[in-house]
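Novice: sequence and predicted model, in that order:
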Amino acid sequence: MAACIARCSHRPVERASGLTRAGGGAKTRARQRLSISRKRDDARKPDRRPWDGDDRADLHARKKRLILETAARAFADRGYHGTTLESIATALRISKPTVYYYVKSKEEILFEIAKTALDDLERELATRVDADRPAAARLHHFFRAYAKMISGDLGVCMVLVADRSLRPASRRKLRAYKKQIESRAVALLEECIRDDRRQAEELRLLAYALFGAFNGIPQWFSPKGAISLEKVTRYYLRALASPFLALAGEEDVTYNR
Amino acid sequence: MKTETPSPVGRKDSRSTAAKRSKARPRWNNLVKSADEQYELKRQAVIAEAIRAFGHKGYQNTSLDDIASRLNVTKPALYYYFKSKKELLYECHNLAMDIGDRAIEYVESQPGSGLEKLQRLVEYYIDNLTRELSAPAILHEIDAMRPEHRRRILQRRRKFDRLMRGLVEEGIADGTIEPCNPKLAVFWFMSAINGIPRWFRSDGELTGAEIAKAFVQFLVGGLQKRK
């Protein structure tokens, strides 16, 4: 057993397959599985070592993400202060020092959770955006992506935990990221509601109201419930934004009542 | 008054004597607040400050020392009013729910359609929370409380939610509110409103009244019967 631990710690990359496996299992079986997957990899790419180039960076990112996701679930369930790094490590069947290889502190985990959630949203928004679509449809796309983000593990943790448990310095940093997302929503609203009577201030409040409504979703939403996330998104947008969109005559573009 | 509040024995005695005396003949001819009233006022001041601090920095990041220094008193002085930080949090929740109850009472006492009642409820609620207290900022801090306190608060919350859904149903029935799922309706507007303290600053460009006006407009626009 000691040999196993020593071996693993010298070859961190090999442990990736150990990380992804879901639950229990004897150490020997795990070891077998490790060696099998190694063999398969070797067969496919004979001249490539696990520590070569992109694979390694990719693995590192994937492992870090696993830590973040596990931590996010734990923080949301047991609270930030009720969760130890030790318990996160145990849940992933890795050691605490290994966790420290990926993150500096518990606070960094929390900050990274929120930041990764926002990065995911950015990516989602960037990939499937079609500038030719009407602004109202893009607004819908934005909030559909936002709803998806905040009902995922990382998003739930961001909304329920990060804001109140981060220390002021990290909170300020996070707020700067959020501001970027927020201003995109405001810009979209502006585009939707081409109406000079609406003050910029009022649009900002509308954006805040929308974000507030959506941020409440993790508190009651269950994917197994009777209402789908898509239905919630449609309903929320219709209730909050359509009285304004109607002014621009764009309501029917997105919402077929 | 507040017999469950733990307080040093000596204090309790002096208060009851004060009460007895005040029954016979008011001391200071009622020109100053009685000891009981002062105690309660100070206790409320601690709760109000705690809500602000918890809302601003988060419950876990706030120490009783922080609250004490904001009030210019010592930490031991706080223990005179509260057994622990947990109990203080419970009282914060109670105060938030009291605001909600008062709002419902106020609304039910006046005639009007379902939509009008909801509108008045929301006006009252936002006005209260932007004027002095950022009560909703502590709404998420539910796990930190002791189990029996948590149960009691959740019970009060469910009751409040039911009352609000009732108002939405009333509005649908009397034709002022567009037919919808009352549960979802309450979720969206209460979430939007409870999000206000996250970004509201009392020294910001907008006053609480302006924000209340805009949010009431969102509520009415979103709920009212469509033509």
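Specialist: Sure, I can see it.
Novice: so which strand or helix has the most centrally placed residue in chain B?
Specialist: Centrality entry for chain B: nearest residue to the mean C-alpha point is B:A96, 2.0 Å, by Cα atoms, centre = their mean. Counting by DSSP states H and E, the element that carries B:A96 is helix B:85-108.
Novice: report the next helix or strand after that helix in sequence order.
Specialist: helix B:114-131.
Novice: just want the angle from the following helix or strand past that following helix to helix B:85-108.
Specialist: Downstream of helix B:114-131, the first helix or strand assigned by DSSP H and E is helix B:147-173. Inter-element angle recorded for helix B:147-173 and helix B:85-108: 20 degrees (by axes from the mean of the first three to the mean of the last three Cα atoms, to 10 degrees).
Novice: list the buried residues in helix B:147-173.
Specialist: B:149, B:152-153, B:156-157, B:160-161, B:163-168, B:170-172 (16 or more other Cβ atoms under 10 Å in any protein chain shown). Every residue, glycine included, has its C-beta placed from N, CA and C.
Novice: need the residues of the stretch 151-257 of chain A near chain B, please.
Specialist: The stretch 151-257 of chain A has residues A:160, A:163-168, A:201-202, A:205-206, A:208-217, A:219-220, A:227, A:232, A:235-236, A:238-240, A:242-244 near chain B, with proximity defined as Cβ under 8 Å from any Cβ of the partner chain.
Novice: how does it look with 7 Å?
Specialist: Taking Cβ under 7 Å from any Cβ of the partner chain, the part of the stretch 151-257 of chain A that reaches chain B is made up of A:160, A:163-165, A:167, A:201-202, A:205-206, A:208-209, A:211-213, A:215-216, A:220, A:227, A:232, A:235-236, A:239-240, A:243.
Novice: could I have the buried ones of those residues as PyMOL selection syntax?
Specialist: Of these, the buried ones can be selected in PyMOL as follows, counting by 16+ other Cβ under 10 Å:
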select buried, chain A and resi 160+163+164+165+202+205+206+208+209+211+212+213+215+216+232+235+236+239+240+243
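Novice: mind showing which ranges of chain B have poor pLDDT?
Specialist: B:1-24, B:130-138, B:140, B:202 (pLDDT under 70).
Novice: looking at the buried residues of helix B:147-173, which one is closest to chain A?
Specialist: Of all the buried residues of helix B:147-173, chain A sits closest to B:D161, with 9.9 Å by Cβ to the nearest Cβ.
Novice: quick one: contacts for the closest one?
Specialist: Neighbouring residues of B:D161 by Cβ atoms under 7 Å, 6 or more residues apart in numbering or on different chains: B:V186.
Novice: output the below-cut-off pLDDT ranges for the stretch 151-257 of chain A.
Specialist: Filtered on pLDDT under 70, the stretch 151-257 of chain A yields the residue ranges A:194-198, A:245-257.
Novice: one more time with 80, if that's ok
Specialist: Where the stretch 151-257 of chain A drops to pLDDT under 80, the residues are A:162-164, A:192-201, A:242-257.
Novice: just the helices in it please.
Specialist: A:153-157, A:163-165, A:168-192, A:200-215, A:229-240, A:242-248, A:251-254 (DSSP state H, counting those that start in this stretch).
Novice: export the ones you listed to TSV and append columns for distance to B:A45.
Specialist: As requested, the helices of the stretch 151-257 of chain A are arranged in TSV below (distance: least, Cβ to Cβ, whole Å):
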stretch	distance to B:A45
helix A:153-157	34
helix A:163-165	23
helix A:168-192	25
helix A:200-215	29
helix A:229-240	37
helix A:242-248	41
helix A:251-254	49
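Novice: among those, show me which one is buried the most.
Specialist: Most buried of these, by mean neighbour count (mean count of other Cβ atoms under 10 Å in any protein chain shown): helix A:153-157, with a mean of 24.
Novice: who are the packing partners of that one?
Specialist: On a contact count with 3 or more Cβ pairs under 7 Å, 6 or more residues apart in numbering or on different chains; DSSP states H and E, helix A:153-157 meets helix A:53-78, helix A:106-127.
Novice: tell me the gap between the first one and the middle of its chain.
Specialist: Just to be clear, that refers to helix A:53-78. Centroid displacement of helix A:53-78 relative to its chain, using Cα atoms, centre = their mean, to the nearest Å, is 11 Å.
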